[in-house]
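S.K.: Just to be clear, the model below is a prediction. Sequence and coordinates:
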Amino acid sequence: MAIDNAAERLDIIRSRIERARRRFGPPPARVELVAVSKTFAADDVRPFLDAGQRVFGENRVQEAAAKWPGLRGSYDGIELHLIGPLQSNKAKEAVALFDVIETVDREKIAVALKAEMDRMGKRPRLLVQVNIGLEPQKAGIAPAEAVAFVARCRDVHGLAIEGVMAIPPEGVPSGPYFAHMAELAAAAGATTLSMGMSADFETAIAMGATHVRVGSALFGHRSAP
């Protein structure tokens, strides 16, 4: 049966998240749904806001800057996550716009974010992105360097890194990659573990995800990446 109503789609995904959480047990005690609204217009997002969803993920700073200030003016309590690669020349805009930046992945970004956060007096929550599959086309710190990089971000750059995120390779079972991420999160003292998307978020929850990033299961398939 086709599901066209945003509230119904949200209810289905939230129910699946809760069943997975209860089935596999804590940790985590709660799993946050990040609705991935990248490439969708503000009018596509409004029905989900009307249905009560407040946490959203965007890939591109420029797209988010065009879309979200107006939506924030109409809805309270929005939490916006940057889940796409961040260039250092976009650090100023990212700090101003996003509540959570999930894609800290190199020293240059850490330095740029710290400078802008100090300048603005704004403290978005930060996650380190790990290239868990060592895929050359994907951003992220190598798994073997991840724990040390989190420590450097905290101790050298003064960033309060709270967690890690990853996107496993496509076309292979994601469970082993999620298990590896859980090990890295524990070793890094991370309290937030962002992993799992529309096709595999229940597996991610089984491995300890605290945040799952769901797009196509809510918004439908995209015409652009």
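M.R.: That came through fine. Numbers count the residues shown, from 1 in each chain.
S.K.: measure the most centrally placed residue in the chain to Ala187 for me?
M.R.: Nearest to the mean C-alpha position of the chain, by Cα atoms, centre = their mean, lies Ile83 at 4.8 Å. As defined by Cβ to Cβ, to the nearest Å, Ile83 lies at a distance of 23 Å from Ala187. Using the backbone N, CA and C atoms, a C-beta is placed for each residue, glycine as well.
S.K.: where does the residue nearest to Ala42 when sequence neighbours are not counted land on pLDDT?
M.R.: With Cβ to Cβ, 6 or more residues apart in numbering as the criterion, Ala42 has its nearest non-adjacent residue at 5.2 Å, and that residue is Lys67. The confidence metric pLDDT takes the value 97 at Lys67.
S.K.: Tell me if I'm right that Lys67 and Val45 touch.
M.R.: Yes - using Cβ atoms under 8 Å, Lys67 is in contact with Val45, at 7.4 Å.
S.K.: which helices and strands sit right next to the helix or strand harbouring Arg14?
M.R.: When secondary structure is defined by DSSP states H and E, Arg14 falls within helix 6-24. Taking 3 or more Cβ pairs under 8 Å, 6 or more residues apart in numbering; DSSP states H and E as contact, the helices and strands that helix 6-24 lies on are strand 32-36, helix 42-50, helix 201-206, helix 216-219.
S.K.: could I get these as JSON lines with mean pLDDT?
M.R.: Compiled in JSON lines, these are given as follows (pLDDT from 0 to 100):
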{"stretch": "strand 32-36", "mean pLDDT": "98"}
{"stretch": "helix 42-50", "mean pLDDT": "96"}
{"stretch": "helix 201-206", "mean pLDDT": "96"}
{"stretch": "helix 216-219", "mean pLDDT": "95"}
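S.K.: Pipe those into JSON lines and attach mean neighbour count per row.
M.R.: Compiled in JSON lines, these are given as follows (neighbours: other Cβ atoms under 10 Å):
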{"stretch": "strand 32-36", "mean neighbour count": "22"}
{"stretch": "helix 42-50", "mean neighbour count": "15"}
{"stretch": "helix 201-206", "mean neighbour count": "22"}
{"stretch": "helix 216-219", "mean neighbour count": "18"}
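S.K.: JSON lines for those, including distance to Ile101?
M.R.: Converted to JSON lines, the helices and strands packed on helix 6-24 look like this (distance: least, Cβ to Cβ, whole Å):
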{"stretch": "strand 32-36", "distance to Ile101": "13"}
{"stretch": "helix 42-50", "distance to Ile101": "20"}
{"stretch": "helix 201-206", "distance to Ile101": "20"}
{"stretch": "helix 216-219", "distance to Ile101": "22"}
